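Asker: build me a model from this:
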Amino acid sequence: MPTIDLAPAPRPLALPDGRPAAAAWSLDPTVRHLNHGSFGAVPLVAQREQDRQRRLMEASPVQWFPALPGKIEAARSTLAGFLGVAVDDLALVPNASAGASVAYNSLPARPGGEVLVTDHGYGAVTMGAERLARRWGGTLRTAHVPLDADEDTAYACVTAAMGEATGLVVIDHITSATARWMPVGRIAAAARRRGIPVLVDGAHVPGLAADPLAGVDCDIWVGNLHKFGCAPRGTAALVARTALRDGLFPLIDSWGARDPFPHRFDTQGTVDATSYLAASTALDFVGDTWGWETARTYMEELADYAERIV
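Answerer: Residues are numbered from 1 along each chain as shown. All right, here's what the predicted structure looks like:
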């Protein structure tokens, strides 16, 4: 058999004390954790911070929960800085799918309207879009984007499917099933010219992009911090920067329901929100230990190396 000439593997990241980076996580050393995009792994330092917050909660629940909205607002401020958005544009939700469900439950009804998705969409988000279309008495329209489509082709495929009946466009920032960046900024701009609201599913983007929403003028953007961001699971961002945000409400009504967006999302009864409070610890750990640009470069080089092997 012919010999395949492979470039060497990228040099692994190490901790300041020389130990391998994996030593900062609690991952089973006998299992290779390759799918960070589905279930991110949480650094030990963030696990400990979440445990500390839980101990405070359990030590005095009657003190904890009245003060919790203020704690969440402070956490939002830090996370908004990481995403490069204004704190008053950011609400915290359990995951990107929950953020999409917030949009589906809150958007004004469009009787007979059409919800436009692509055939690269995440299953749960697409199923929610289908239910929304049924509630509207309309239809779900699926734009086909070929696997080998370049940015211009992907843009053309989606915009060609927009029509008079289109009441919402749902588009992945990075597709889950096919791992491709979509031209969401261009698609959102085209939809805005037509007066069509846009929901961008950016589930995989936080941590992979330095400035996730740069050039993306959409109505609602959702992204998970617990994937490549390494935050405790159950931490996601919902960013809304147009007038539609005034109609966005949490999936659970609580005592903050009369507060303006995003503050109404800070009050969610007795939910365990310690994942929100420990999220910045995870982000800061990666940033302070290696720097996010270094981490992104390493992940890209490692993925390229894996592709060459396959």
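
Asker: which parts of this protein are strands?
Answerer: Counting by DSSP state E, the chain forms strands over residues 90-93, 114-118, 139-143, 166-172, 198-201, 220-224, 236-240, given from the N-terminal end onward.

Asker: compute the inter-axis angle for the last one and strand 220-224.
Answerer: Computed by axes from the mean of the first three to the mean of the last three CA atoms, to 10 degrees, the angle separating strand 236-240 from strand 220-224 equals 170 degrees.

Asker: quickly run through the sheet partners of strand 236-240, with directions.
Answerer: Sheet pairing of strand 236-240 (DSSP bridges) gives strand 90-93 (antiparallel), strand 220-224 (antiparallel).

Asker: the second one too?
Answerer: Strand 114-118 has these partner strands in its sheet, going by DSSP bridges: strand 139-143 (parallel), strand 166-172 (parallel).

Asker: output the shortest one as CSV, nothing but the C-alphas.
Answerer: Pointing back at strand 139-143 there. Extracted in CSV, the C-alpha atoms of strand 139-143 (Å, rounded to 0.1, in the frame of the first residue of the first chain):
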residue,chain,number,x,y,z
THR,A,139,-46.4,25.5,6.4
LEU,A,140,-42.8,24.6,7.1
ARG,A,141,-40.6,25.3,4.0
THR,A,142,-37.2,23.7,3.8
ALA,A,143,-34.5,25.2,1.6
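
Asker: what average pLDDT does that strand get?
Answerer: When the per-residue pLDDT values of strand 139-143 are averaged, the result is 98.

Asker: equivalent analysis for stretch 31-40, please.
Answerer: Stretch 31-40 shows a mean pLDDT of 84 in the predicted model.

Asker: renumber starting at 54 from here on
Answerer: Right, with 54 as the first residue, what we last looked at is stretch 84-93.

Asker: and it, which residues are buried?
Answerer: G93 (16 or more other CB atoms under 10 Å). (Glycine included, C-beta is placed from N, CA and C.)

Asker: likewise for stretch 167-175?
Answerer: E167, V168, L169, V170, T171, H173, G174, Y175.

Asker: quick one: contacts for R239?
Answerer: Listed by CB atoms under 8 Å, 6 or more residues apart in numbering, the contact partners of R239 are E204, Y208.

Asker: oh, I was asking about A139
Answerer: Remark: with contacts taken as CB under 8 Å, 6+ apart, A139 is in contact with A133, R294.

Asker: switch the strands of the chain over to a markdown table; also include distance to A241.
Answerer: As requested, those are arranged in a markdown table below (distance: least, CB to CB, whole Å):
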| stretch | distance to A241 |
| --- | --- |
| strand 143-146 | 18 |
| strand 167-171 | 12 |
| strand 192-196 | 14 |
| strand 219-225 | 8 |
| strand 251-254 | 5 |
| strand 273-277 | 9 |
| strand 289-293 | 13 |
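
Asker: for P114, find the nearest of the strands paired with strand 167-171.
Answerer: P114 sits nearest to strand 219-225 of all the strands paired with strand 167-171, at 38.5 Å, using CB to CB.

Asker: which stretches in this protein count as helices?
Answerer: Taking DSSP state H, the helices of the chain run over residues 97-112, 114-136, 149-159, 176-188, 204-213, 237-246, 327-342, 345-362.

Asker: those helices: which one's closest to T320?
Answerer: Shortest distance between T320 and the helices of the chain, using CB to CB, is found for helix 114-136: 4.9 Å.

Asker: other SSEs contacting the closest one?
Answerer: helix 97-112, strand 143-146, strand 289-293, helix 327-342 (3 or more CB pairs under 8 Å, 6 or more residues apart in numbering; DSSP states H and E).

Asker: what comes up buried for that helix?
Answerer: Of the residues in helix 114-136, those scored as buried under the neighbour-count criterion (16+ other CB under 10 Å) are W117, L121, P122, K124, I125, E126, A128, R129, L132, A133, F135, L136.

Asker: hang on, isn't the second one packed against T323?
Answerer: The reference is to L121. No: assessed by CB atoms under 8 Å, L121 is found out of contact with T323, at 9.2 Å.

Asker: give me every residue that touches the residue lying closest to H197 once chain neighbours are set aside.
Answerer: Excluding the flanking residues, the one nearest H197 by CB to CB, 6 or more residues apart in numbering is D172, at 5.3 Å. Taking CB under 8 Å, 6+ apart as the definition of contact, the neighbours of D172 are T195, A196, H197, V198.
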